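Student: What shape does this take:
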Amino acid sequence: MLSVKMETLLCVAEHKNFTRAAEELSLTQPAVSHHIKELEQELGVPLFIRGKGGFRLTDQGEIAVRYARRIKALDGKLRLELANFEKNITNLKIGVTHTAESNLTTEALAKCAAQNPGLSITIATDTIKNLYDMLGNYELDLAIVEGIPAGSSFFSLMLDTDYLVCAMSVNNPLSKRAMVTLNQLKKEQMILRLPTSATRQLFESTLESINDSIRNFNVTIEVDNIATIKDLIRKDLGVSILPKSACMDELRKGKIAALPIENLSMARETRIVYNRDFDHPEILQEITKTYQEVARSYR
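Tutor: Model (predicted):
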């Protein structure tokens, strides 16, 4: 169970201010200071140091906050599972990347919940890094991401294979071709994901592998939201590099075109990632089966 002192630690860490933490916790500021001082004495390390604009965590404080978040999440999961046990209900919180949010994943998760009485799914969208952090802290039960997780702290199950394509308006003259060359692509205005996205990083690393660079392309707009990118593409305001799975609905309806890029192979896996102690293998099986059914309906 999360102690009052740990709850205070999390609140001060969030606000970086003892007064605002006291207001949120309905405590006096001396009480908040006393909780932190007692916790520092118990752990034998300093948790905060005063800096410009307020307090900031020490390195030891960062570790303490990470474990406090984990304890809080586990406490919440314990209470939820106990409350749902008699009702035979399973609540899952599943994290997806912005790419997964735009492809078949959310449709498959919705159908999976609809087809399995007692299963409730909450979907959270974030970057891969943040999803892994939340998964490690047990704030998520599962994450659906692109690529294989680094390290060995998680287990994973392959859900699908995907590859990047050049997406464009059906009014773009290039859309009538079987493929697009890099030289042709360099003449187009490009609308790309942010440099921190896995899609953008895969495109850039593939270019680097053939001694080319993103600097040789006319990148006019950077957008993190894939739905916005597809809307701009449909209006013929540029071309983009997107996972084919994120364009399936538009391709089926003839709203955009997607072409392979000559000499570039940008394949990757979509995987379900989970902690080693995840104890619902039947749910993994249901999600995988439903995803495959949805994917077949688009082919």
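Student: tell me the pLDDT at residue 63?
Tutor: Listed pLDDT for residue 63 reads 90.
Student: Now it: which helix or strand?
Tutor: Secondary structure from DSSP states H and E places residue 63 in helix 59-85.
Student: buried ones in that helix?
Tutor: Residues of helix 59-85 classed as buried by neighbour count (16 or more other Cβ atoms under 10 Å): 61, 64, 65, 68, 69, 71, 72, 73. To be clear about C-beta, it is placed using only N, CA and C from the backbone, and glycine gets the same treatment.
Student: who's in contact with the residue lying closest to the second one once chain neighbours are set aside?
Tutor: This means residue 64. Excluding the flanking residues, the one nearest residue 64 by Cβ to Cβ, 6 or more residues apart in numbering is residue 47, at 5.9 Å. Contacts for residue 47 (Cβ atoms under 8 Å, 6 or more residues apart in numbering) come out as 9, 36, 39, 40, 57, 58, 60, 61, 64.
Student: okay but the last one is in contact with residue 44, surely?
Tutor: No. Using Cβ atoms under 8 Å, residue 64 is not in contact with residue 44; the gap is 11.1 Å.
Student: Distance from the chain centre to stretch 138-150, please.
Tutor: 8 Å (Cα atoms, centre = their mean, to the nearest Å).
Student: Residues in contact with it: which ones?
Tutor: Stretch 138-150 is contacted by residues 69-70, 73-74, 77, 92-97, 99-100, 105, 124, 128, 131-132, 134-135, 156, 159, 162, 198-199, 243, 268-275, 278, 284, 287 when judged by Cβ under 8 Å, 6+ apart.
Student: Which ones among those residues lie within helices?
Tutor: Members of those lying in helices (criterion: DSSP state H): 69-70, 73-74, 77, 99-100, 105, 128, 131-132, 134-135, 198-199, 284, 287.
Student: Return the list of helices and strands in contact with the helix holding residue 63.
Tutor: helix 4-15, helix 29-43, strand 90-96 (3 or more Cβ pairs under 8 Å, 6 or more residues apart in numbering; DSSP states H and E).
Student: Can you name the next helix or strand after the longest strand seen in the chain?
Tutor: With secondary structure taken from DSSP state E, the chain has its longest strand at strand 154-169. Sequence order places helix 182-185 as the next helix or strand after strand 154-169, per DSSP H and E.
Student: who touches that next one?
Tutor: Against helix 182-185 from outside (Cβ under 8 Å, 6+ apart): 166, 174, 212, 217, 239, 261, 262, 263, 264.
Student: can you pull the contacts of the fifth one?
Tutor: So that's residue 239. 166, 167, 168, 169, 172, 174, 185, 188, 189, 190, 191, 233.
Student: got these as CSV, with neighbour count, distance to residue 3 and pLDDT columns?
Tutor: Shown next, in CSV, are these (neighbours: other Cβ atoms under 10 Å; distance: Cβ to Cβ, whole Å; pLDDT from 0 to 100):
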residue, neighbour count, distance to residue 3, pLDDT
166, 26, 54, 97
167, 28, 51, 97
168, 24, 56, 97
169, 19, 57, 97
172, 20, 60, 96
174, 18, 61, 95
185, 21, 57, 96
188, 18, 58, 96
189, 15, 56, 97
190, 19, 52, 97
191, 24, 49, 97
233, 25, 52, 95
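Student: Closest one of those residues to residue 111?
Tutor: Of all the contacts of residue 239, residue 111 sits closest to residue 167, with 25.3 Å by Cβ to Cβ.
Student: Output the worst-scoring helix or strand of the chain on mean pLDDT in CSV with nothing but the alpha carbons.
Tutor: Lowest by mean pLDDT, DSSP states H and E among the helices and strands of the chain is helix 98-102, with a mean of 78. Taking Å, rounded to 0.1, in the frame of the first residue of the first chain, the C-alpha atoms of helix 98-102 are listed here in CSV:
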residue,chain,number,x,y,z
HIS,A,98,0.5,7.3,-32.3
THR,A,99,1.1,5.0,-35.3
ALA,A,100,-0.8,2.1,-33.7
GLU,A,101,-3.7,4.5,-32.9
SER,A,102,-4.1,5.3,-36.6
